[in-house]
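**Q** Have a look at this prediction, sequence included:
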Amino acid sequence: MLLRLASSLPGRLVTTNISTSAKQVLLAPRLIKPSNNNVLVRNYARSPRENHIVRGEVRSRGPTLKERLMAPPSANAYSLGKGAAAGAAGVGLGALCYYGLGLSSESSIQNNMILWPQYVRDRLHTTYGYFGASCVLTALSAAAVFRSPRLLDLATRGGWLSTLATFALVIGTGAMTQSIQYKEGLGPKQFSWLLHCAVLGGVIAPLCFLGGPLLTRAAIYTGGVVGGLSTVAVCAPSDKFLYMGGPLAIGLGLVMASSLAGIWLPPTTALGAGLASLSLYGGLILFSGFLLYDTQRIVRKAEVYPQYSMQPFDPINASLSIYMDALNIFIRIAMILAGGGGNRRK
């Protein structure tokens, strides 16, 4: 740099003893105008060499935030969701081993079973009987709708009107079922419960397009998840998961928001893929936590509910919570197996 500047100075400055004025010239910035009139370079005598700035040059800018969010998703768009699901599965297996081997010193539901009166056992048997019957009725309803072209056309019809009608039908039948007072035998409560299960079967009927073998695998995996989590809830301390209601409610709001946002943001964009991963893997973790919470809540309610009351213990309402948990787990496992979670084999 100094040699270049020295060669450009007048001859009187290139001497053995440089005068003070020459030093000041070397220290001060100088404008060197090359032969090209379109280029203007600002150079410092004792500053590091910098890139030349060409007049009229347009600096290349990076993609904006909107362009990044709407760009195609990367190959690892679902990696975070997969990692979270794998971590949750590891925690679940660890809890199953820890509580299943009786390593916890606190009293669990399994220990309290010895002190249960017969009516508590009957309540839980009836609750899980309705839970199993709900799963069977939903499967039969889904198969019947899938075999009927007209009903299948209604179930697969898109658009806002169809979506709102489906939401209204599911929420309406569920609210009606829970609002009717329970009585033993066949009554309005039971008929409303049958209708609700049939409606849910019609809603999930499009899953039959995935094929019988895949749905069978999804059902087996769901049974393993539900059985393992129920075992953890029974072997853990009786109130271990009853404090999860608040965080689970917040997580439910996030999963619902991501699911609704998927209507406008398809998974073909980076933002849509992130929301789909949250809805899929986050929902799987969320409803697994809900299953732990609802299992202990049902057992606690069966224990403390009065034996003689104006309104008897309602096993149908109690079973609907774990039934919805299992159904949401099944749907997400089926979608993951079908390749909807970014695990499509190439």
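**A** Sure, I can see it.
**Q** Next, count neighbours for residue 184.
**A** If you count neighbours by other C-beta atoms under 10 Å, residue 184 ends up with 10. The way it works is simple: take the backbone N, C-alpha and C, and place the C-beta from them, glycine included.
**Q** and it, which of the three is it?
**A** coil (DSSP: H, G, I helix; E, B strand; the rest coil).
**Q** From residue 122, how far off is the residue nearest to it when sequence neighbours are not counted?
**A** The spatially closest residue to residue 184, leaving aside those adjacent along the chain, is residue 312, at 7.8 Å (C-beta to C-beta, 6 or more residues apart in numbering). Distance of residue 312 to residue 122, given as C-beta to C-beta, to the nearest Å: 11 Å.
**Q** just residue 287 next, same as before
**A** Residue 287 is 28 Å from residue 122, where distance means C-beta to C-beta.
**Q** Have a look at these two and say which one is more surrounded.
**A** Between residue 287 and residue 122, counted using other C-beta under 10 Å, the more crowded position is residue 287 (25 against 14).
**Q** Now the more buried one. Nearest residue, chain neighbours left out?
**A** Looking at residue 287 with C-beta to C-beta, 6+ apart, the closest residue is residue 328, at 4.4 Å.
**Q** where does the protein have low pLDDT?
**A** 1-79, 102-103, 105, 159, 266-273, 340-346 (pLDDT under 70).
**Q** mind redoing it with 50?
**A** 1-37, 39-41, 47, 50, 52-58, 345-346 (pLDDT under 50).
**Q** in it, which spans are helices?
**A** Using DSSP state H, the helices of the chain run over 2-8, 20-27, 65-69, 79-100, 109-112, 118-147, 149-156, 160-179, 188-203, 212-235, 245-261, 270-277, 283-304, 315-337.
**Q** So residue 109 is in contact with residue 298, correct?
**A** No - look at residue 109 against residue 298 with C-beta atoms under 8 Å: they stay out of range, at 10.4 Å.
**Q** Contacts for stretch 196-206 next, please.
**A** Stretch 196-206 has contacts (C-beta atoms under 8 Å, 6 or more residues apart in numbering) with 134, 137-146, 151-152, 154-156, 166, 169-170, 173-174, 176-177, 320, 327, 331.
**Q** residues of stretch 174-183 that come out buried?
**A** 174, 177-178, 180, 182 (16 or more other C-beta atoms under 10 Å).
**Q** what's the answer for stretch 124-140, then?
**A** 124, 126-128, 130-131, 133-135, 137-139.
**Q** Could you measure from residue 206 over to residue 134?
**A** Note on residue 206: its distance to residue 134, by C-beta to C-beta, is 20 Å.
**Q** do residue 161 as well
**A** For residue 161, the distance to residue 134 - C-beta to C-beta - is 28 Å.
**Q** same thing with residue 145?
**A** Applying C-beta to C-beta, the value for residue 145 to residue 134 is 16 Å.
**Q** Next: residue 297.
**A** From residue 297 across to residue 134, the span is 18 Å (C-beta to C-beta).
**Q** Enumerate every residue touching the residue nearest to the spatial centre of the chain.
**A** With distances taken as C-alpha atoms, centre = their mean, the residue of the chain nearest its centroid is residue 282 (2.2 Å). Applying C-beta under 8 Å, 6+ apart, one finds that residue 282 lies in contact with 81, 84, 251, 254-255, 258.
**Q** can you list the residues you listed in a markdown table and add neighbour count and distance to residue 90?
**A** Below are these laid out as a markdown table (neighbours: other C-beta atoms under 10 Å; distance: C-beta to C-beta, whole Å):
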| residue | neighbour count | distance to residue 90 |
| --- | --- | --- |
| 81 | 24 | 15 |
| 84 | 16 | 11 |
| 251 | 19 | 19 |
| 254 | 14 | 22 |
| 255 | 21 | 21 |
| 258 | 20 | 24 |
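**Q** Of these, which is the nearest to residue 291?
**A** Nearest to residue 291 out of these is residue 251 (C-beta to C-beta; 13.3 Å).
**Q** Need the nearest residue in space to that closest one, chain neighbours excluded.
**A** Using C-beta to C-beta, 6+ apart, the nearest residue to residue 251 is residue 286, at 4.6 Å.
**Q** Tell me how many other residues surround that neighbour.
**A** 25.
**Q** I figured it hits residue 248, correct?
**A** Yes - using C-beta under 8 Å, residue 286 makes contact with residue 248 at a distance of 6.7 Å.
**Q** Domain parsing of this protein, as residue ranges.
**A** 2-43, 80-337 (automatic domain parsing).
**Q** among the ones you listed, which is the most enclosed?
**A** Neighbour counts (mean count of other C-beta atoms under 10 Å) averaged over each of the domains of the chain peak at domain 80-337, with a mean of 17.
**Q** That one: how far from the chain's middle?
**A** Domain 80-337 sits 15 Å away from the centroid of its parent chain (C-alpha atoms, centre = their mean, to the nearest Å).
**Q** ok, the residue nearest to residue 287 touching residue 283?
**A** Yes - assessed by C-beta under 8 Å, residue 328 is found in contact with residue 283 at 6.4 Å.
**Q** Residue 86 and residue 285: what is the separation?
**A** Taking C-beta to C-beta, one finds residue 86 at 10 Å from residue 285.
**Q** Also residue 124?
**A** From residue 124 to residue 285 the distance is 26 Å (C-beta to C-beta).
**Q** next one: residue 325
**A** Taking C-beta to C-beta, one finds residue 325 at 12 Å from residue 285.
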